[in-house]
Each structure stands twice: as C-alpha cells, then as structure tokens.
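> starting from these lines, generate the structure:
(2 chains)
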There are 2 protein chains.
Amino acid sequence: MSEASSIVVPKGFRASGVKAGVKPSGGLDLALIASDVPCSAAGTFTTNRVCAAPVKWCRDIVPTDGVRAIVVNAGNANAATGAQGEANVRRTAESAAALIGCDARQVLIASTGVIGHQLPMEKIEAGLRAAAPALSADAESFRTAAQAILTTDTRTKIVSESRDGWALFGMAKGAAMIGPRMATMLAFLTTDARVSPMTLKSILSESVEESFNCVSVEGHTSTNDTVLLLASGLAGDELSGAGLDRFAATLHDACQTLAQEMAADGEGSTHFIAIDVEGCTDREEARTLARAVADSPLVKTAIHGADPNWGRIVSAAGYAGIPFEENELSLWINGVCVYDHGTPTAFDANALSSNLRANRDVHLRLLFQRGDASIRFWTCDLTAEYVHLNADYTT
Amino acid sequence: MSEASSIVVPKGFRASGVKAGVKPSGGLDLALIASDVPCSAAGTFTTNRVCAAPVKWCRDIVPTDGVRAIVVNAGNANAATGAQGEANVRRTAESAAALIGCDARQVLIASTGVIGHQLPMEKIEAGLRAAAPALSADAESFRTAAQAILTTDTRTKIVSESRDGWALFGMAKGAAMIGPRMATMLAFLTTDARVSPMTLKSILSESVEESFNCVSVEGHTSTNDTVLLLASGLAGDELSGAGLDRFAATLHDACQTLAQEMAADGEGSTHFIAIDVEGCTDREEARTLARAVADSPLVKTAIHGADPNWGRIVSAAGYAGIPFEENELSLWINGVCVYDHGTPTAFDANALSSNLRANRDVHLRLLFQRGDASIRFWTCDLTAEYVHLNADYTT
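Take a look at the predicted model:
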C-alpha cells in the first residue's frame, strides 16, 4: 500500500483543516474529522507516565461504539499541563460537540506540539467554529486535515484502500520524539466497514505492534502518542471470518506504511534504515535488539557518514540486555556479510561505503541462533540537521 | 579532588607512553604501567555481550595478587575480532612479560579504538620494545602514559592524592561510546597502599557504582569498558578499619572526578550536565530515571540550544519505566523550579535561557515523592559537532 495519489474516503466521514493560530508559523494547525453516524472506535496510546491530557480523555472513552468526531491540534501538546490541561480538553470536546450536535464524550481529542504550555482556548474554539462548516467528504478536505496535524514533518502521511465494498483511510504525523512503546505517534484511521469496538481494538492492537511499535527516530517516547481507528459501518454488514481477516490485513499494511513514512521523514534524516533481526527466542527479544541498534547515536551517525562501521552495530546489540554469545551473531549491511558467527569478514569497505553514500535506503540484517522469532524495525540516521532543528524549538 | 598539576606517583610504579603507529594520526597510542613488585589487583568490566578480547583476558585474571603490568593501546579496540583477537591479546601479554621479566598472566591488557579490526601485532610488539626501556617513575612519564590511552578525548584525565603515607594515582579516557552499565570506560588506578585483592575488589565496585556507572555521553555501552586498580603495598602495613575507610573514600572521590571529566569532555559537547534525581524508592530506580533523561537526544539538544524546554525532561522521565504519577514530580533547572508537583510554573523562560547560554555547567534536579533514595548522574549535551565527529570515524 503506497501513499494514495487519489484518496478513497470511507462512507460517512467528513474532514476539514484550518489555521487556528496555535502554531507560531501561522500554518494549518487544527483538524476535524466527523462521522455522520456513531462509530465503533478503538485506540492505542503512549505508555509514558507523563501523558498528555487528551490521551487521558481518549483512554477513558475507547473502545466504544458512539464516537462522532476527532479534534486534533498541532503546535501545542497539552502535556504536563496539570488540571488546567484536563479542563481544556473537556472544553474542546464540549465546543466541538455543540457544533456537531452530539455529546462531549462522543468527541475524541489529540494534540501535538510543545509540552508544558496551556492550550490557547480562544484560538482553539475560533478554529473549531471555522472547521465545522468546512467539513466535507471530498478528498481535498482529508488532505488538508492531514496537513493540519503535522509539526516538523516535511510531508503528509496518508494511506487509503478499498476492498470488499469497504474503504480504509489513514493519516499520521511524526518526525521526532518517535520511540513508541506499546503505543505510537498520532495516527487516525477511518473505515466504513462494520466492526464491533472490541474486535476493532483487538485487530488495531495487533497492527500497531507490528508497525508503529517497530519504528523509532531517537527513542524518545512521546507524551502524546495516539492511534485512533473509527468504523462507521456504513459499508454494510458486520465483518467476520475471511472478510474480517482481509480487513485486518489491510489495516496492518496501512499502519506499516504510515510507520515507515514516519521513519523516512525523521527530522533531518538522510537515510531510511530497515533492520531485520532474525533467529531470536521470541518477538520481544528481537524487538529489544532492534531497538538498541536503532537508537544508538553511534550507529545512526555512522550510517549518516556512509561509514560501514559495523562494530557499532554489533556492540549496540551487545548491550541490549539479551544474553547471546558473540559467535551466535552474523550481520549483513545492504546484503554484504560483514560479521560471520562472531568473526569479521574480508568485505570491501570502500565499495560498501560507496553503496551507503549512493542509497537513501539502508538494510541491516542481524541473524542470531537462538530461535525462530524475528522482527522488522525502521529508523533513520542522525544528522547535524536533527541537532539544529531540536536545539531551537520553543525559544 | 581536582586534576593534579603536580602528580603524586605511588611507590613501586613506573610508566611510559610511545607512538606504536596503531593510530592513523601517528600520535601516542601505547601505554605501559609496570610495578616493581606483584600487586593486588581488582577490576570492573563492560557488561556488553560483545566484549573485547582484552576484557575477557583481564576478567579471567582479576582479582589476584600477582599483577606486574598493564598494557593499553589506543586506536584499535580488539573487539568483535573472534579467536584471532584472543590470540593477539595473549601474544601482547607474552611480549610484555618477556620484556619485564614475569609471566604472561601477570600482565593485564586494555584496548580502545575502532571495533572489528585485528590488532597490528608487529606495531604493538615494536611499541612494547620501545616502551619497556622508557619506563620511569617520574610524573612526566605518567602524563605521557595518560595521553597514550586517549582517542577522541580533548585532554588527559588524571587524578592523584596522598594520605596516611600512601598515594593513589588514576588516569582515564573516554569521550564517546560512554554509557557504562555495571562497568565503565578505561580507567587505571595505582596505589602503594597495602590492600588484599578481595577488599580491593569490594571497594572498587562500590566506587564504580557511584562514579563511572553514573555517567553517560550517548548511552552506547562500549565493548571495552575496563577499570583496573593495582595496589603495590609498598607504603606499609595492610589497611584496615578507619585507615581502609579513608582509602575507600579517596578512591571514591578519584573515580567521581575521572567520571565527571569524561562527561565534561563528551565529544563535541558545549554543556556539562549534572542530574540529581531525588525522592526515589531505591538507588536503581533513581539511576534508571536519571539515565533516561541523560540519554534523551531531545533533552541534550534542548540544553545545547539553551532552551529551557523542560517538557522534554519530564517526558523522558515518564518513559523510563518507573510507575510514578505526574503530580509526584517537580523539576528545577539551574535552581529555577519549572514544574511543581505536576503543574507548570510561571518562570521567566528568557532569563533561564540566558542563564543556560552563559553557563557551561547545567544542573537538573528531579524530585519525586516515592522514598528517600537519590543519585547524582552526569552527562553532556548533543551537538552538531558530535554528529560530524561520529559520521566519519573509520572511513
């Protein structure tokens, strides 16, 4: 599933995106997604102990079968904002509910941006008053909404697919503070398939495990990670059996595409890195090893420098906390075996360096001898541009 | 204890440093420390599963009471080098032993530099033949040895102290790949105090816990971390009681000084950051929280940019895996309370930013309400210069 040039909008959904003035840049910063009918809804959220007020709001509501809207603002995370932050989420939901004609608890909220500042509520409410009448089911409105949830992202992240009479649409944001653990960055998916909230929750969790939980930019788990999936059911009868399996597979692909787009759009990145960890005792062990490699600044800077400095990769695996033996490990970089069962190979370092310099895509394969479990994980390199972008974000 | 302008050399030790040609730069890269008499010796080592051949060699020997020498080379880590790497360590020890007049197993070895390349044994052996006749007990020789163990460090890291008739000398290296866990980077300490190997091991482990294990540059635990402590006993009778306590306290201070110097010399760094984590249930909990903050690229880049973006600090604590509640946490930056029991304060962000811009030293204090345990941890900021230095190390 690739980013859609022509977007398929599931039945019953409308969207809009407006400039509410939350972002200092004055760009689009408020997105509204509304459903004509109450939706089945499921979500996964950050495991950060300091979690944003909108995360607490949503976590308290889903899974449910009554959701009518999602409000997303960029430019302010409404995280670490105390009781005032929680009151502001409620007020946002109440304002949106009044405009749409539903209860406040039928409105889900997500925020992204700077941590620790109170939401500018007059701007949010004025933005909602502009966004509600702009709601539309056309593809362009969904594109505008996808743009309004971005922060430092350089491009929108959209997927859509139709199959068996139903459609699935998804949008995401994320370019830094990406290190989801049992959670993820902002992603919103809508479908007109009919699926019960508990089934939705179950298949969403599985998809998130193999997509957003397999991506990292710098390992910093956000306070605001949120994935929401809304199903309007307008496409027909409730899915089950093979039909439900096909929906779950499509959802899985959609989440993987969006997750990969986050890593590929990692702040300042020049390389997109896929890491296969194979031969592990279980999937969590493979994930732990992959994350240690993905989050090592020394691995990320080496790849940025097109330097096949594979010692940094095996040493990162070595401190992951998994009790493997050195001679159990073999490593390939872009198909070239550089470390074979604990011993360096005589590979052509200059050729591999040229290869890394010429290609944006990098593939690392770590093969252990511990079992049959594997994982594919995605990350990006660490550049001076990342430092510049993050040394001057709030002030 | 500050870096000594006049070094005290414990009785019985001689040192030298030479240019063996291992470093491509042609700088000093081989250090030899020899003792006239067999020493009590203890060590702590990396917990990385991919550990260097010299680490395996030393771990097999200490604690012991027969050590006569330490050989250290910079420019090549002899890590992830398989059976050949282990043979090269043995050959290095044998060569040094022949020159000094002892057994190979009385010689400890440490290496630092690039991972995955075999040691250039002809250069190492020629270097040893030059280093042995250059051994001297004068301070200048110890300074030269301290210089020969450096890689990207910008300065030597030396401490020395004398007390109760004994002296303690220590030297260390480390500026990146610093994330010791139950281990540390290269540090070598010598004393003429008389202490048994098992007592030495016990007091060394305690000191390392509160010094080298409380420092991180980018969280990447090295394959080569090694601390060795040699006691010649030439200062007199075996230490015990209050005398031993004073020796342990001096060792503790020496290790803390060397550890702080590593963080202060972090590659490309412009800020030295001390993190106090207080009010925890135990010391390990405090360490886990401190390490999460210290290793967050977003925290490190914010401090580099003199940006009091405290949300990144509390969010890093939030994903450390410790189940605290937001309203248990308060945070101070350079003495200014920015987050009080889960709620943002109305601090002057411009003044705090100016303060961070003007001062190299940064102090973070995170106060929890979980218990009485605390820790002090040290790190540095993340700069574009770190990326430049590490994007082009081997090629």
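> and the residue nearest to A:L28 when sequence neighbours are not counted, how far is that from B:T81?
Sequence neighbours aside, A:A148 is the residue nearest to A:L28 in space, at 3.9 Å (criterion: C-beta to C-beta, 6 or more residues apart in numbering or on different chains). Backbone N, C-alpha and C define where each C-beta goes, glycine included. Distance, A:A148 to B:T81, by C-beta to C-beta, to the nearest Å: 53 Å.
> what do you get for A:D372?
On the measure of C-beta to C-beta, A:D372 and B:T81 end up 29 Å apart.
> so for these two, which sits in the more crowded spot?
Set A:D372 next to B:T81 and count neighbours by other C-beta atoms under 10 Å in any protein chain shown: B:T81 wins out with 26 against 9.
> contacting residues for the more buried one?
By C-beta atoms under 8 Å, 6 or more residues apart in numbering or on different chains, B:T81 lies in contact with A:T343, A:P344, B:A52, B:A53, B:N88, B:G116, B:H117, B:Q118, B:L119.
> again, only using 10 Å
Residues counted as contacts of B:T81 (C-beta atoms under 10 Å, 6 or more residues apart in numbering or on different chains) are A:311, A:326, A:342-344, B:52-53, B:87-89, B:111, B:115-119.
> same thing with A:S40?
Counting by C-beta under 10 Å, 6+ apart, A:S40 has contacts A:62-67, A:191, A:193-201, A:229-233, A:238.
> the nearest residue to A:V208 once chain neighbours are set aside bridge partners, please.
Spatial nearest neighbour of A:V208, chain neighbours left out: A:T44 (4.8 Å); criterion: C-beta to C-beta, 6+ apart. Beta-bridge pairing of A:T44 under DSSP bridges involves A:V227.
> now the helix or strand where A:T250 lies: buried residues?
In the assignment (DSSP states H and E), A:T250 maps to helix A:241-264. With burial defined by 16 or more other C-beta atoms under 10 Å in any protein chain shown, the residues of helix A:241-264 counted as buried are A:243, A:247-248, A:250-264.
> got the angle for whichever helix or strand comes after that helix vs helix A:241-264?
Going down the chain from helix A:241-264, the next helix or strand is strand A:272-280, by DSSP H and E. Relative orientation of strand A:272-280 and helix A:241-264, computed by axes from the mean of the first three to the mean of the last three C-alpha atoms, to 10 degrees: 120 degrees.
> I'd like the average pLDDT over strand A:272-280.
For strand A:272-280, mean pLDDT is 96.
> same question, stretch A:376-394
Averaged across stretch A:376-394, the pLDDT comes to 86.
> how about the residue in the stretch 201-350 of chain A that chain B sits nearest to: what's its closest non-neighbour residue?
With C-beta to the nearest C-beta, the shortest gap between the stretch 201-350 of chain A and chain B falls at A:G311, namely 2.4 Å. Of all residues not flanking A:G311 in the chain, B:I115 sits nearest, at 2.4 Å (C-beta to C-beta, 6+ apart).
> can you show me the helices along the stretch 251-395 of chain A?
For the stretch 251-395 of chain A, the helices defined by DSSP state H, counting those that start in this stretch occupy A:283-295, A:297-304, A:310-318, A:349-358, A:384-390.
> just to revisit the earlier point, can you get me a residue count around the residue nearest to A:L28?
A:A148, neighbours per other C-beta under 10 Å, totals 30.
> so for the residue of the stretch 1-150 of chain A found nearest chain B, what's the pLDDT?
Closest contact between the stretch 1-150 of chain A and chain B, by C-beta to the nearest C-beta, is at A:I115 (2.3 Å). Looking at A:I115, its pLDDT is 86.
> quick one: the strands in chain A, in order.
For chain A, the strands defined by DSSP state E cover A:13-18, A:30-45, A:64-76, A:107-114, A:157-163, A:166-172, A:187-191, A:226-231, A:272-280, A:330-333, A:336-340, A:343-344, A:361-367, A:373-380.
> tell me where the model's unsure across the stretch 151-300 of chain A.
Residue ranges of the stretch 151-300 of chain A with pLDDT under 70: A:180-185.
> for it, what lies in contact range of chain B?
Taking C-beta under 10 Å from any C-beta of the partner chain, the part of the stretch 151-300 of chain A that reaches chain B is made up of A:176-177, A:179-181, A:183, A:217-225, A:268, A:270, A:292, A:295-300.
> could you rerun that using 6 Å?
A:E218, A:H220, A:T221, A:T223, A:S296, A:P297, A:L298 (C-beta under 6 Å from any C-beta of the partner chain).
> report the two of these separated the most.
A:T223 and A:L298 (26.8 Å; C-beta to C-beta).
> who has more neighbours, those two?
A:T223 (29 against 25).
> find the nearest non-adjacent residue to that one, please.
In space, A:T223 comes closest to A:A79 once its chain neighbours are excluded; the distance is 3.8 Å by C-beta to C-beta, 6+ apart.
> how is chain A partitioned into domains?
For chain A, automatic domain parsing gives the domain ranges A:13-264, A:272-390.
> quick one, phi/psi of the most far-flung residue of chain A relative to its centre?
Relative to the centre of chain A, and counting by C-alpha atoms, centre = their mean, the farthest-placed residue is A:A346 at 39.0 Å. Main-chain torsions, A:A346, degrees, to the nearest 10: phi -90, psi 60.
> what separates it from A:C337, distance-wise?
The value you get for A:A346 to A:C337, if C-beta to C-beta is used, is 10 Å.
> and A:N355, by the same measure?
14 Å.
> what does A:I100 give?
58 Å.
> of the two, which one has the most company?
A:I100 (20 against 14).
> A:V71 is in contact with that one, correct?
No: contact between A:I100 and A:V71 fails when scored by C-beta atoms under 6 Å: they sit 9.8 Å apart.
> ok, the residue nearest to A:L28 touching A:A31?
Yes: counting by C-beta under 6 Å, A:A148 does reach A:A31; the two are 4.0 Å apart.
> can you pull the residues that touch both of these two?
Shared contacts of A:A148 and A:A31 (C-beta atoms under 6 Å, 6 or more residues apart in numbering or on different chains): A:G17.
> hey, where'd the helices end up in the stretch 51-200 of chain A?
So, for the stretch 51-200 of chain A - with DSSP H, counting those that start in this stretch - the helices run A:53-61, A:82-100, A:121-134, A:139-148, A:197-209.
> need the max-distance pair from the contacts of B:T81.
Farthest apart among these by C-beta to C-beta are A:G311 and B:A87. That separation is 18.8 Å.
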